[in-house]
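J.: Here is a sequence with its predicted model. Questions after.
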Amino acid sequence: MSFKLGDFVLVLDEDLSGTIVSIKAETISIETEDGFMLDFQSYELVKNDKEETLKGLFSKSSLSTVISEKEQPKRKQQVNKRAKDRYEPTMEVDLHIHHLVKSARGMSNFDMLTLQLDTARHKLDFAISKRIQKIVFIHGVGEGVLKTELEYLFGRYNNVKYYDANYQKYGLGATEVYIFQNVTST
């Protein structure tokens, strides 16, 4: 095999390679990729044209394309919901008067209570029509008049059960309503 200066060679029986820098009879000096100068006999070396080999392997596509195809796609991490959060109510209705009107000035207590109950009835009917299963009505603590009236309203529906909402989240001022969806009317 004929070698010439600048050829890239591999060393047989060792994990070495480099570029030929000098040839003196049968002794060939190579410079490794790490910059070391080493002498070998010609029969210990094999000519390797690494660029041509790589070009032959990837002639139809770029090296980066091949690498990206071989890499495993990263799986999207699924957001785990806690079991407790899965069953949180899907709808909240705040019945505090300042959330329902810009100003309660000039409204009597009866007017405010009527507006709050009408809003609650409307939202409950909406939830039933849209098949929303849980609603929390935030009524506040106060003297308990609104809570009592809400319980009377919810008691008139045959597909509804109600109970105090999550105390940690709402305190004593909220009622959760569960709507049974498969009730058929006769």
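T.: Right, received. Where do you want to start?

J.: Val9 versus Asn80, what's the distance?
T.: Asn80 is 56 Å from Val9, where distance means Cβ to Cβ, to the nearest Å. For every residue, glycine as well, the C-beta is placed using N, CA and C.

J.: Between the two, which is the more surrounded one?
T.: Val9 (22 against 7; other Cβ atoms under 10 Å).

J.: What residues sit buried inside the biggest strand by length in the chain?
T.: Criterion DSSP state E: the longest strand present in the chain is strand 17-24. Judged by neighbour count (16 or more other Cβ atoms under 10 Å), strand 17-24 contains these buried residues: 17-18, 20.

J.: do the same with stretch 37-50
T.: Within stretch 37-50, the residues that count as buried by 16+ other Cβ under 10 Å are 40, 44-45.

J.: quick one: average confidence on that stretch?
T.: Averaged over stretch 37-50, pLDDT sits at 83.

J.: what's near enough to touch Thr175?
T.: Neighbour list for Thr175: 136-137, 139, 147, 150-151, 154, 162-165 [criterion: Cβ atoms under 8 Å, 6 or more residues apart in numbering].

J.: And Leu150, by the same measure?
T.: 95, 117, 120, 137, 139, 162, 175.

J.: on that earlier part again, relative to the longest strand of the chain, what are the paired strands and their orientations?
T.: Sheet pairing of strand 17-24 (DSSP bridges) gives strand 8-11 (antiparallel), strand 27-32 (antiparallel).

J.: Can you spell out the domain ranges of the chain, please?
T.: Listed by automatic domain parsing, the domain ranges of the chain are 8-59, 83-179.

J.: Can you check which of the ones you listed gets nearest to Thr65?
T.: Nearest to Thr65 among those is domain 8-59 (8.2 Å), distances taken as Cβ to Cβ.

J.: Against which helices or strands is the longest helix belonging to the chain packed?
T.: Scanning the chain for the longest helix, with DSSP state H as the assignment, gives helix 109-129. Counting contacts by 3 or more Cβ pairs under 8 Å, 6 or more residues apart in numbering; DSSP states H and E, helix 109-129 packs against strand 91-94, helix 97-100, strand 134-138, helix 145-155, strand 174-179.

J.: sorry, back to before: buried ones among the contacts of Leu150?
T.: If you count burial by 16+ other Cβ under 10 Å, the buried members of the contacts of Leu150 come out as 95, 117, 120, 137, 139, 162, 175.
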